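A.B. asks: okay, structure incoming, though there's no sequence with it:
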């Protein structure tokens, strides 16, 4: 497998926007290794500006089988990648990054599979190999491959590099070892050296309106605040989620269905003895919003100087330009108003990927999309970060580094097996990020059978029926426990059964410790809580199966949810014919 010595022998090159590869006497890549960390820069030796599409740090055939398993990160929350080098697939419900956001391919990447900023190769009977970028201040990294051929790329976004000038590229790490978790710990440490983690005095818990209060109304929020104070005050806060504003972009104008303005709603929630927490999707602007009508120049523009929307999920959504000073001031003033006037001390910033998508023309022609995104997030940190919790959602993961206390790591939950299973797969691949880069948000926990109403792309009302079996609810509970991150309820508090209320209380306060799994089948996860060892056992299959768990010494085993003693076991425990789509959480005292 590759090591530092192998990489040092591989030449780099620079690809220009016109499709040509520059000669070394025109554009060169200078590399400096310090152990297994690489710092590099690209230098323009010519006498004229050079427009650069990307820098190829390494390219060549890997000394491994095309059937080598891998895991790769997506650019943003909704995409992750796995499989083998010859048969990759997407983890997640929305497809690849480029398909979901309608990002066109170019001549350099159209025939290659792409993952972003981190990849782990796990060849059979050999150590794991981790390769990753450990910083993201200006550029985003890519790993492109087809079978055993791989390119490690720095996307320089067609920027102009002036003669005699240079760009510092992002730091790069390569490491190998038999313990996958230790490799990821090392990656987190290197990332934190470049992007110090934002700290907060607690791991937030709360209740989210999005998954049960449809339509959202002021009275519905008050009812849940009163029920929370009476039944489970440990949840502490109500997260007023998307849907309160008249339109994306018009954050001061309430949705008429709410029945009150946000200052009044927030105060009334606090009067119930519960914190009011808020929501903002800063980078998406609806074409029917007053913001769009009054300030189209604040959007990312096309080549003709009109608002650009050729990239993105929805045609009616435009991207606010994070390099436009007036747009940034608008967002600064919005969060300051929400903080000072509405009393919010918790901000969920959603659809953040729209601040860092490629394409279009920005106000600052020399800024990358990563810089545009980070300027806005830094503005939020400067405005409210001292006393407020900042949660990212639908974020570009590496550009967000160091700029949020928490980060949503999964898709939205629905009450069906497809989503419960899918979210667990997404979360467990990112468990290493919890309490190292930020607190992971696994999305809400749902415990009650509740039909969910939403609207499809055409605006038609769609009812998503609750399809979860009792065993699948147990799987979902175990997944939330194994995530170790934030705890938010997605059920109507007054409607929670006493049994499910006790489940929520068992999860509070959040532990901050994510499960470490024995392998990437994610069957057995272990959580070290100091005085207790939690054991999370999952059957993902459609058939019953035996699950054997091994541990040191003679242990008295208990059920986590009920504290029922299951017996004393010496070195191992086998669950015979564990039901399909089922999970258990057990523990023993250290």
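C.D. replies: Good, I have the coordinates. If you're wondering where the values come from, they're calculated on a predicted model, not measured in any experiment.

A.B. asks: the residue nearest to residue 454 when sequence neighbours are not counted in helix, strand or coil?
C.D. replies: Nearest residue to residue 454, sequence neighbours excluded (CB to CB, 6 or more residues apart in numbering): residue 462, at 5.6 Å. Every C-beta, even on glycine, is put in place using the N, C-alpha and C of the backbone. What DSSP: H, G, I helix; E, B strand; the rest coil gives for residue 462 is strand.

A.B. asks: got the phi and psi for residue 130?
C.D. replies: For residue 130, the backbone dihedrals (degrees, to the nearest 10) come out as phi -110, psi 130.

A.B. asks: again, but for residue 96
C.D. replies: Torsion angles, degrees, to the nearest 10, at residue 96: phi -70, psi 160.

A.B. asks: can I assume it is in contact with residue 80?
C.D. replies: No: in this structure, residue 96 is not within contact of residue 80 by CB atoms under 8 Å, at 10.3 Å.

A.B. asks: what touches both of those two?
C.D. replies: 74, 90 (CB atoms under 8 Å, 6 or more residues apart in numbering).

A.B. asks: buried ones in the helix or strand bottoming out on mean pLDDT in the chain?
C.D. replies: Lowest mean confidence among the helices and strands of the chain (mean pLDDT, DSSP states H and E): strand 452-455, at a mean of 71. Neighbour counts over strand 452-455 (16 or more other CB atoms under 10 Å) mark residue 452 as buried.

A.B. asks: next, the distance between the ends of stretch 39-56.
C.D. replies: 14 Å (CA to CA, to the nearest Å).

A.B. asks: looking at residue 96 and residue 80, which is more packed in?
C.D. replies: A side-by-side neighbour count of residue 96 and residue 80, using other CB atoms under 10 Å, places residue 80 first with 23 against 20.

A.B. asks: now do the same contact list for that one.
C.D. replies: Counting by CB under 8 Å, 6+ apart, residue 80 has contacts 71-74, 90-92, 426, 429-430.

A.B. asks: cutoff 10 Å now
C.D. replies: Listed by CB atoms under 10 Å, 6 or more residues apart in numbering, the contact partners of residue 80 are 71-74, 89-92, 97, 115-116, 397, 409-410, 425-426, 429-430.

A.B. asks: now residue 160: which helix or strand?
C.D. replies: For residue 160, the host element (DSSP states H and E) is strand 149-161.

A.B. asks: ok, then the element right after that strand?
C.D. replies: Sequence-wise, the next helix or strand downstream of strand 149-161 (DSSP H and E) is strand 166-168.

A.B. asks: now for that following strand, which elements pack on it?
C.D. replies: In terms of contacts (3 or more CB pairs under 10 Å, 6 or more residues apart in numbering; DSSP states H and E), strand 166-168 is packed against strand 27-34, strand 37-44, strand 149-161.

A.B. asks: quick one: mean pLDDT over the first one.
C.D. replies: Think strand 27-34. Mean pLDDT, strand 27-34: 97.

A.B. asks: mind checking how far residue 531 is from residue 537?
C.D. replies: 21 Å (CB to CB, to the nearest Å).

A.B. asks: quick one: which of those two has more around it?
C.D. replies: Neighbour count, other CB under 10 Å: between residue 531 and residue 537, residue 537 has more, with 20 against 8.

A.B. asks: surely that one is in a strand?
C.D. replies: Yes: under three-state DSSP, residue 537 sits within a strand.

A.B. asks: could I get the contacting residues of the closest residue to residue 306 other than its chain neighbours?
C.D. replies: Nearest non-adjacent residue to residue 306, counting by CB to CB, 6+ apart: residue 296, 7.5 Å away. Residue 296 makes contact with 285, 287, 305-307, 318, according to CB under 10 Å, 6+ apart.

A.B. asks: can you show me the helices along the stretch 1-150 of the chain?
C.D. replies: 4-8, 97-100 (DSSP state H, counting those that start in this stretch).

A.B. asks: please identify the most buried of those helices.
C.D. replies: Mean neighbour count (mean count of other CB atoms under 10 Å) peaks for helix 97-100 among the helices of the stretch 1-150 of the chain, with a mean of 18.

A.B. asks: just send the helices and strands packed on strand 166-168 back as JSON lines, with mean neighbour count and distance to residue 210 too.
C.D. replies: Shown next, in JSON lines, are the helices and strands packed on strand 166-168 (neighbours: other CB atoms under 10 Å; distance: least, CB to CB, whole Å):
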{"stretch": "strand 27-34", "mean neighbour count": "15", "distance to residue 210": "46"}
{"stretch": "strand 37-44", "mean neighbour count": "19", "distance to residue 210": "41"}
{"stretch": "strand 149-161", "mean neighbour count": "20", "distance to residue 210": "33"}
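
A.B. asks: now the residue nearest to residue 68 when sequence neighbours are not counted: how far from residue 179?
C.D. replies: Closest residue in space to residue 68, ignoring its immediate chain neighbours: residue 123 at 4.7 Å, by CB to CB, 6+ apart. From residue 123 across to residue 179, the span is 15 Å (CB to CB).

A.B. asks: who's more crowded, these two?
C.D. replies: Using other CB under 10 Å as the criterion, residue 123 and residue 179 rank with residue 123 on top: 18 against 11.

A.B. asks: hmm, residue 178 and the more buried one touching each other?
C.D. replies: No: counting by CB atoms under 10 Å, residue 178 is not a contact partner of residue 123; they are 11.7 Å apart.

A.B. asks: now the common contact residues for the two.
C.D. replies: By CB under 10 Å, 6+ apart, no residue touches both residue 123 and residue 178.

A.B. asks: which residues of this structure score low on pLDDT?
C.D. replies: Along the chain, segments meeting pLDDT under 70 span 1, 455-458.
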